[in-house]
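Q: Structure for this input, please:
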Amino acid sequence: MLKHWLKRKQGFRVVLVAALVVGAILLLAGSVVAQSAPAAPAQAAKASQKPATPSASDYVGIETCTTCHSELAKGFEASPHWMTTQETKTTHGARGCESCHGPGAAHAESADKTKIFTFLGAKSADITKRCLSCHEAKPEQRDFMRSVHNENGVSCTNCHSVHHSKSEYLLVSKQPALCYSCHAEQKADFQKTFRHRVNEGLIKCTDCHNAHGAARDRQVRSAPGQDLVCVKCHADKRGPFVFEHEPVRAEGCISCHTPHSSVYPRMLLTARINTLCLQCHDQIPTGPHSQNLARQACIMCHIAIHGSNVSNTLRK
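A: This is a model prediction of the structure:
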């Protein structure tokens, strides 16, 4: 009986060892098959979307570009971009034309326009991305992605030309004609009698607005003290005053004035000063010179209309 039991136990051990050996072989074979199998479709697609990093051999240099594009090269050499690419060539890898258009070896060999990035006909988002790769860190352009221009599909090349511009900041044309090409309503504003002297060149659109975006509505700039941009020129209205005129501090200059132009003197919102004042001060006492009937203006007495340091009724 004992001898029979020992023989059965020995056979069980043999079967167990054999099963373990077969399992190990199957596990190893599965691992080999998994490693040799092609990547999953999602992984393969993700890998195919990842752009390859260009090597030095993919670039041909501006001399090669000039052989076909001599006129464009002349325009580029006269622009600030040319000087920047030369100064940063050794430190940032800037490569002239290929700094913006990408590596040109494949294009130079085949003359195929699809082998290089061309700005003409490109999507506005792609153009913006290329320009901001250098300009995003600069204070003037860093807010462009949240600007009204970007939200409406206006790209850098709608206003700037690297190769052909003869205006400052590489503009396609001078201000205000460039701005008027889209903003026809504002062009009509500056034909009114009382206006800022934009058409005469005494002030530019970009003196008050940042075309690349700003934190305020309508991309309006701020003065150095973060006040409204108006006080940059109208410094006597800046304050702070001991006695403030509340609308000036709360709503700003546009509570009484139109910023571009008006048919009324001082670019006011209404023809009569009294009418403008009574929009807020409609509870003034009645008396011998009720302002609803009087011809004299409120500011004949309340002369410090923008704020006063001596009178809480804005007198001087």
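Q: got the residue ranges for the helices in the stretch 151-300 of the chain?
A: Using DSSP state H, counting those that start in this stretch, the helices of the stretch 151-300 of the chain run over residues 177-180, 184-189, 205-208, 246-250, 273-277.
Q: For the ones you listed, please prepare a markdown table with the additional fields distance to residue 198, mean pLDDT and mean neighbour count.
A: All C-beta spots, glycine's among them, are computed from the backbone N, C-alpha and C. Shown next, in a markdown table, are these (distance: least, C-beta to C-beta, whole Å; pLDDT from 0 to 100; neighbours: other C-beta atoms under 10 Å):
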| stretch | distance to residue 198 | mean pLDDT | mean neighbour count |
| --- | --- | --- | --- |
| helix 177-180 | 9 | 96 | 17 |
| helix 184-189 | 9 | 95 | 13 |
| helix 205-208 | 7 | 94 | 18 |
| helix 246-250 | 24 | 84 | 14 |
| helix 273-277 | 24 | 87 | 18 |
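Q: how about these, which one is nearest residue 229?
A: Proximity to residue 229 (C-beta to C-beta) singles out helix 205-208 among those, at 5.2 Å.
Q: low-scoring pLDDT stretches of the chain, where are they?
A: Low-confidence segments of the chain, defined by pLDDT under 70: 1-52, 84-94, 223-227, 284-296, 316.
Q: Residue 245 and residue 313 touch, don't they?
A: No. Assessed by C-beta atoms under 8 Å, residue 245 is found out of contact with residue 313, at 10.5 Å.
Q: From residue 210, how far off is residue 141?
A: 9 Å (C-beta to C-beta, to the nearest Å).
Q: which one of residue 245 and residue 313 has more residues nearby?
A: residue 245 (19 against 9; other C-beta atoms under 10 Å).
Q: From residue 59, how far out is the more buried one?
A: From residue 245 to residue 59 the distance is 62 Å (C-beta to C-beta).
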